[in-house]
Each structure stands twice: as structure tokens, then as C-alpha cells.
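J.: Predicted coordinates and the sequence they were generated for:
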Amino acid sequence: MPFTHCCKSLTYEFETLKLNNMKEVIEKLNEGLKDPEYRQGWIANIAMAQIDCERWYREENNKVGKYLNETDRHAISNKGAEYFLELLSK
């Protein structure tokens, strides 16, 4: 019983530490985003991830030069967000 309690306590402490670190990282990022040039870099990278994914989606789905419906735009948005996170985490 004490061993189980100890493991749960360590797990809780580790998770709390991860959340605190994440909070610090997000706070630093938010502070950095106050710099217009740094902010523009983020905006450009997010936008290009979306543009790239739209182009790839159109090519893969035979929609080059064609109308994109709501389902298409939703799929592109999800893929663009995922692609941006992949690039961010490299």
C-alpha cells in the first residue's frame, strides 16, 4: 500500500512539474510575441503551413482550380494545424 501511494505521489509531482514548465514556456512565448518581428515570423509560418496543406489537398483530391466546400476547408485547416505542429516539434 505505501508503495502504491508513493508512485501515485511521484506521478502527480511529475505531472505538476510538466504543467508548470509548460505554463512557463507559454508565458515566455506570449512575451516574445509582443515583438512585432518575432510575431510576424510565427504568423508567416502558420500561414504557410495552411497554404502548403491547401495546395497538397487540392492536388490529392483533384480540386486544383475548383471550389472548396466547407468539408474541404475543414480538412485543410486540420491538416494545416497538424503540419504546423509537426514543423514546430522538429
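T.: Happy to help now that I have it. Numbers count the residues shown, from 1 in each chain.
J.: any idea how the protein splits into domains?
T.: Following automatic domain parsing, one gets these domains for the chain: 1-32, 36-90.
J.: and the end-to-end length of the last one?
T.: Start-to-end span of domain 36-90 (CA to CA, to the nearest Å) is 24 Å.
J.: before we move on, the earlier item: rank the domains of the chain by mean pLDDT and give me the bottom one.
T.: Looking over these, mean pLDDT reaches its minimum on domain 1-32, with a mean of 72.
J.: rewinding a little: include mean neighbour count when you put the domains of the chain into JSON lines, please.
T.: All C-beta spots, glycine's among them, are computed from the backbone N, C-alpha and C. Formatted as JSON lines, the domains of the chain follow (neighbours: other CB atoms under 10 Å):
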{"stretch": "domain 1-32", "mean neighbour count": "10"}
{"stretch": "domain 36-90", "mean neighbour count": "13"}
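J.: Which parts of this protein are helices?
T.: 2-32, 36-60, 70-88 (DSSP state H).
J.: Just give the closest residue to residue 77, not the sequence neighbours.
T.: Nearest residue to residue 77, sequence neighbours excluded (CB to CB, 6 or more residues apart in numbering): residue 50, at 7.1 Å.
J.: residue contacts, the one you found?
T.: Applying CB atoms under 8 Å, 6 or more residues apart in numbering, one finds that residue 50 lies in contact with 76, 77, 80, 84.
J.: who touches the first one in this structure?
T.: Applying CB under 8 Å, 6+ apart, one finds that residue 76 lies in contact with 50, 53, 54, 57, 68.
J.: wait, doesn't residue 52 sit right on residue 83?
T.: Yes - look at residue 52 against residue 83 with CB atoms under 8 Å: they come within range, at 6.7 Å.
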